[in-house]
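*Asks:* Here is a sequence with its predicted model. Questions after.
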Amino acid sequence: MRTFGGSLTTLATIRGTSVDRDTVTEALRRELRALGYVEGRNIVIEYRSADNKFDRFLALVEEMVRLKVAVLVTSSTAAALAAKNATRTIPIIVIGVTDPVAAGLVDNLARRGSNITGFTSVAAVLSGKRLESLKESGSNRFQNFWLVTTDCSRAAP
């Protein structure tokens, strides 16, 4: 990571909800420590939350651009789009966007062609393609079909 104005690197996280002790923030801190970045020692993390007011994302991102942070970390499509609209130079790490191509964040997953990178749940993006391939195979050997969901609240007891 690059530094600005000294030995401290500044990273910003832009969230839609509170940033207090959530799993994403804790995972970020843990992984940064594994890379040798310790909050308060050689890295500053600027935490910002839109407090569920998603129209605030652009203003929050613009504030971080003015602070000249080294990296922006976003955890929603709306925050990532605001970051994309605010800067073409600061690296943006996107977490929690199901389909960054459909959202207009990157041109394609293989060659993003911008300052945006990150993590996606491509399983959701590829599910339709998998079903299409199964149908096109023309095979009648499939007697069982499983519908998988991550919503366990609907599971039978």
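*Replies:* Sure, I can see it. Numbering: from 1, shown residues only.
*Asks:* neighbours of Glu39, just the number please.
*Replies:* Look at Glu39: counted by other Cβ atoms under 10 Å, it has 13 neighbours. Bear in mind the C-beta positions are built from the backbone N, C-alpha and C, glycine included.
*Asks:* from what I can see it touches Glu31, true?
*Replies:* No: Glu39 is not in contact with Glu31 according to Cβ atoms under 8 Å; the separation is 11.9 Å.
*Asks:* Let me see the mean pLDDT of stretch 16-36.
*Replies:* Taken as a whole, stretch 16-36 has a mean pLDDT of 79.
*Asks:* Could you tell me the end-to-end distance of that stretch?
*Replies:* 28 Å (Cα to Cα, to the nearest Å).
*Asks:* Ok, stretch 93-103 next?
*Replies:* 15 Å.
*Asks:* Now that stretch: buried residues?
*Replies:* Ile93, Val94, Ile95, Gly96, Val97, Pro100, Ala103 (16 or more other Cβ atoms under 10 Å).
*Asks:* List the contacts of it.
*Replies:* 24, 71-77, 80-81, 105-109, 112, 116-121, 124-125 (Cβ atoms under 8 Å, 6 or more residues apart in numbering).
*Asks:* give me the number of residues near Gly118?
*Replies:* 19.
*Asks:* Can you name the residues bridging to it?
*Replies:* Judged by DSSP bridges, the bridge partners of Gly118 are Val94.
*Asks:* hang on, the earlier thing: just the buried members of the contacts of stretch 93-103?
*Replies:* Buried among the contacts of stretch 93-103 by 16+ other Cβ under 10 Å: 71-77, 80-81, 105-106, 112, 116, 118, 120.
*Asks:* From those, which land in strands?
*Replies:* Val71, Leu72, Val73, Thr74, Ile116, Gly118 (DSSP state E).
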